[in-house]
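Novice: Pasting the sequence and the predicted coordinates here, then a few questions.
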Amino acid sequence: MTHDPRALRNALGWFATGVAIVTTKVPGKTPIGITVNSFSSVSLDPPLVLWCLDKGSDTLSIFETCDAFTVNILSEDQKHISNELAKSGDHSLEAVATREGENGCPRIEAALAVFECDIYARHDAGDHIILIGRVKAFSSEQEGRPLVYHRGGYQALGT
């Protein structure tokens with residue numbers, strides 16, 4: 001069966017997702033972050049999460065060699081961070097308030113939830129790589145509104 005990639009993308013767009021920044025740091029390189037909406041829980045025991053990276057990403061070589069990453073779930077007030085780190089070419093965290101996490105990767109200040117992970121597995125999956133992380137540390141806020149992505153744009157949650 002053949003399909004129209006644009007039509008498939010539009011159909012998938014009906015699934016609303018949160019927005020996260022995945023950060024990492026490898027020796028000899030500046031820490032980076034990339035905007036993703038492919039984050040998901042995998043397992044509670046052991047604690048595993050996953051996200052997917054396009055093989056065409058300019059960050060691929062870094063995420064293929066890193067030992068750890070951190071998933072930062074953004075609040076609706078952090079749309080500017082999402083926009084900046086979604087662009088190709090510059091994934092610097094220089095303008096983002098961060099602190100180093102237990103796994104050595106940057107944690108974004110004021111993120112609603114943060115999951116510090118060691119690489120558990122990488123899987124080839126079509127035009128993407130699935131990165132699975134074992135959660136080593138996490139934190140979450142008690143209040144806040146998540147940044148939501150739906151049908152090609154940011155959306156606000158109803159009250």
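Specialist: Sure thing, it's come through.

Novice: give the contact list for the spatially closest residue to Gly18 that is not a sequence neighbour.
Specialist: Closest residue to Gly18 apart from its sequence neighbours, by CB to CB, 6 or more residues apart in numbering: Pro146 at 5.0 Å. All C-beta atoms are positioned from the backbone trio N, CA, C, and that covers glycine. Each residue near Pro146 by CB atoms under 8 Å, 6 or more residues apart in numbering is listed here: Gly18, Val19, Ile73, Leu74, Ser75, Glu76, Leu112, Leu157.

Novice: What subset of these is buried?
Specialist: Neighbour counting by 16 or more other CB atoms under 10 Å classes Gly18, Val19, Ile73, Leu74, Ser75, Glu76, Leu112 among those as buried.

Novice: Report how many residues lie close to the closest residue to the third one other than its chain neighbours.
Specialist: What that stands for is Ile73. For Ile73, ignoring the flanking residues on the chain, the nearest one in space by CB to CB, 6+ apart is Ala113 at 4.2 Å. Neighbourhood size, Ala113 [other CB atoms under 10 Å]: 17.

Novice: And the helix or strand bottoming out on mean pLDDT in the chain, what does it pack against?
Specialist: Here the helix or strand of the chain ranked lowest by mean pLDDT, DSSP states H and E is helix 5-12, holding a mean of 86. Packing partners of helix 5-12 (3 or more CB pairs under 8 Å, 6 or more residues apart in numbering; DSSP states H and E): none among the helices and strands.

Novice: Could you point out the helix or strand that follows it?
Specialist: Using DSSP states H and E, the helix or strand that follows helix 5-12 in sequence is strand 17-18.

Novice: avg pLDDT for that next one?
Specialist: The average pLDDT within strand 17-18 is 90.

Novice: again with stretch 75-92
Specialist: Averaging pLDDT along stretch 75-92 yields 94.

Novice: Could you check how far it is from the centre of its chain?
Specialist: Here stretch 75-92 is found 11 Å from its chain centre; the criterion is CA atoms, centre = their mean, to the nearest Å.

Novice: now swap in stretch 89-98 and tell me
Specialist: That offset, for stretch 89-98, works out to 14 Å (CA atoms, centre = their mean).

Novice: And Leu48, how far from Ile132?
Specialist: Using CB to CB, to the nearest Å, Leu48 is found at 6 Å from Ile132.
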